[in-house]
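Asks: Build me a model:
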Amino acid sequence: MTDSSMNGQGVVDRGEPANRPVAGGGAMSAVEIYTDGACSGNPGPGGWAAVLVYGNQQREISGGAVNTTNQRMELTAVCEALKQLKRPCRVVLYSDSAYVVNCFRQKWYVSWRKNGWKNSKGDPVQNRDLWEALLAQVERHQVTFAKVKGHAGVAMNERCDELARAAVPR
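Replies: Residues are numbered from 1 along each chain as shown. Coordinates of the predicted model:
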């Protein structure tokens, strides 16, 4: 799955890595991760899923929560996927969540940290617990966030959607 194989299939923009190179340098494994979250009602029962691709290996993970929001499930999917990586990696992370992608592409987290986890309106940042957990994971790797159009025929994104919906507690 190269970048060129995705052209015309819903990948909007890859952007730049969200963080600096990982300390220690050396060759890092390249991993592609696709994530998605789903919620039946918002709030309501929800599910999350990720597909990790390393070379010709693929791993699917998913989970759910009884009372949550779609944004929490999107964040959980990314965090749980990055937790699966045993050592620092170069990651291209594909998500259809503007909430997740824009945070890293526009570096919202820098202002949040500087302002004591308050947003631009001075209100507490929603889902702070998950953002802090996710930032800890992102800082371990070289992560590039790529926006994917949801339900646009991107096979791995469609698979994540299917897995996330199946993980919603009934």
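
Asks: got the contact list for stretch 120-135?
Replies: With C-beta atoms under 8 Å, 6 or more residues apart in numbering as the contact definition, stretch 120-135 has outside contacts at 71-72, 75-76, 78-79, 82, 103, 109, 111-112, 117-119. Using the backbone N, CA and C atoms, a C-beta is placed for each residue, glycine as well.

Asks: filter these to the buried ones?
Replies: Q71, R72, L75, T76, V78, C79, L82, C103, Y109, W112 (16 or more other C-beta atoms under 10 Å).

Asks: Closest one of those to G64?
Replies: T76 (9.4 Å; C-beta to C-beta).

Asks: Then S111 would be within a helix, right?
Replies: Yes: per DSSP: H, G, I helix; E, B strand; the rest coil, S111 lies within a helix segment.

Asks: Name the nearest residue to M73, sequence neighbours excluded.
Replies: The spatial neighbour of M73 that comes closest, neighbours along the chain excluded (C-beta to C-beta, 6 or more residues apart in numbering), is G37 at 2.9 Å.

Asks: Throw the contacts of stretch 120-135 into TSV and include pLDDT, thanks.
Replies: Conversion of these to TSV gives the following (pLDDT from 0 to 100):
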residue	pLDDT
Q71	97
R72	98
L75	98
T76	98
V78	98
C79	98
L82	98
C103	96
Y109	96
S111	95
W112	96
W117	97
K118	96
N119	92
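
Asks: Ramachandran angles for the most centrally placed residue in the chain?
Replies: Central residue check for the chain by C-alpha atoms, centre = their mean: the C-alpha nearest the mean position is that of V78, 3.2 Å away. The phi/psi pair for V78 (degrees, to the nearest 10) reads phi -70, psi -50.
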